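# fold the following.
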Amino acid sequence: MSWRSLQGGKRIKAGEHSRVRALVRGGLTAGMVAATGCADTVVHDRSPANETMPDGSLPGSGGVAGSAPAMTGGNASTIDNPPNVLPPFGEMDAGPALATNFLADQAVANAFPVSRVLYSWTTQEQYEALRAGGELLVRTERPGAGGGLIRQELASLAAADDPIARALTAPEFQRARYAWPNPWATLLGWPGESYGTKLIQIELREEAWLVVVQEGWARVVDSSGADVPQEEALASPERIGAIFHVHWAEDTGCYGSFNSGGAGSFREYFLPNAAMIARWSLDTEEMRDRLAADLDVLSAYRDHRRSDTEQLYIAFETAVACGWQFEHRLSHVAGLDAYVDALALASPLYEPTVANLDALIVALEGALFEPNPFVHNNP
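Numbering: from 1, shown residues only. Modelled structure (predicted):
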């Protein structure tokens, strides 16, 4: 029995479960009373006084198993089965338990998004070009998609006289690649759009700086997450290795219980400076091991979701966007907060239904490879 079925199919909000349990217990008790014909009765509790003795009798019953004190009242009668032997109200079966540290090592916090190891999906054509000695950063825009929202936002900030954004519009930052700290969170992409099925692992130099662009402003941090003074960043822009960009859909509204919109929101790492990339790799055993480990974690989550009947009370895309923006927690749905913290896209393909998780697992399995290492180390 699910919480949805107990409420006639309505979604239950966080914090309402105790009230629902009380209502259901009350309903079960009332139903039993009606079945026995008792008009005026007292509700028995489960205190020690109502527990059975080792021989099955009730305390004070004279040792007769199954006997109980007669109930008093206008139309009282004796219940054949004492209340203490009734089945307790069962908790919902939430499926196989998730590890307590589920996806904890994959969380990306907007306020502290430092990550030196990143992953990027590419096409078969680009993969073959890279193995043939091609450069990692070759595109100034995606065919048919332009330079992306990050380019538009940087241009807008530069026009508003943001000095960091203006520095990033220089020619040396025009060729770039998108990436994310885990491989699985971008593999499915958006409906009708794919980034490719060949994986690249990218490692930034330790001295590389990260520009954080979100909510209309830009700041620079170092590899430890400490803020870099603007004057220092502008004096050495060649140390900028990546941009962490968060885009919230314009209709995103996160106001207590009034959450809405969010579809189309996303997060990304934008790599515009090849000089700050220490190395990039294809088909290494380390990369395959990473995919295999992600498959294990996501398979466990899929198995958990298979029998977990908890439901979101807001749209998935809204939950993701608000989770990123104000760290709204949805802990009434096991594992969802950690899952959202690891995501890059508020894409419907990533809503954690069993079908979607199955599709993600199949896609990851299809991306597995036999190790055939190709590692490019930048001087």
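# mind listing the helices for this protein?
Counting by DSSP state H, the chain has helices at residues 3-6, 17-36, 124-131, 148-159, 163-168, 184-187, 230-235, 285-307, 316-326, 336-342, 354-367.
# now the second one: average pLDDT?
Here helix 17-36 scores 37 as its mean pLDDT.
# re earlier: same list, the helices of the chain, but as TSV with distance to residue 273 please.
(Each C-beta comes from the backbone N, C-alpha and C, glycine too.) TSV is the format used below for the helices of the chain (distance: least, CB to CB, whole Å):
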stretch	distance to residue 273
helix 3-6	50
helix 17-36	50
helix 124-131	18
helix 148-159	14
helix 163-168	10
helix 184-187	20
helix 230-235	13
helix 285-307	23
helix 316-326	25
helix 336-342	25
helix 354-367	27
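# looking at these, which is closest to residue 262?
helix 316-326 (3.1 Å; CB to CB).
# mind listing what's buried along that closest one?
316, 317, 318, 319, 320, 321, 322, 323, 324, 325 (16 or more other CB atoms under 10 Å).
# isn't the second one up against residue 265?
Looking back up the chat, that one is residue 317. Yes: the pair residue 317 / residue 265 is scored as a contact, 6.9 Å apart, by CB atoms under 8 Å.
# quick check: neighbours shared by these two?
By CB atoms under 8 Å, 6 or more residues apart in numbering, residue 317 and residue 265 have these common neighbours: 249, 346.
# outline the domain layout of the chain.
Using automatic domain parsing, the domain parsing of the chain gives 3-85, 104-377.
# and these, which one is worst for confidence?
Going by mean pLDDT, the lowest-scoring of the domains of the chain is domain 3-85, which has a mean of 39.
# that older thread, the helices of the chain: which one's closest to residue 101?
Taking the helices of the chain one by one with CB to CB, helix 336-342 is closest: 8.6 Å.
# list the buried residues of stretch 230-250.
Result for stretch 230-250 [16+ other CB under 10 Å]: buried residues 233, 237, 239-249.
# from one end of stretch 241-253 to the other, what's the distance?
One end of stretch 241-253 sits 32 Å from the other (CA to CA, to the nearest Å).
# same thing with stretch 171-184?
End-to-end span of stretch 171-184 (CA to CA): 32 Å.
# and for it, what's in contact with it?
The contact list for stretch 171-184, computed with CB under 8 Å, 6+ apart, reads 106, 108, 115, 117-121, 136-140, 148, 167, 186, 195, 199-200, 202, 238, 240, 242, 267-274, 290-291, 294, 298, 342, 344, 360, 364, 367.
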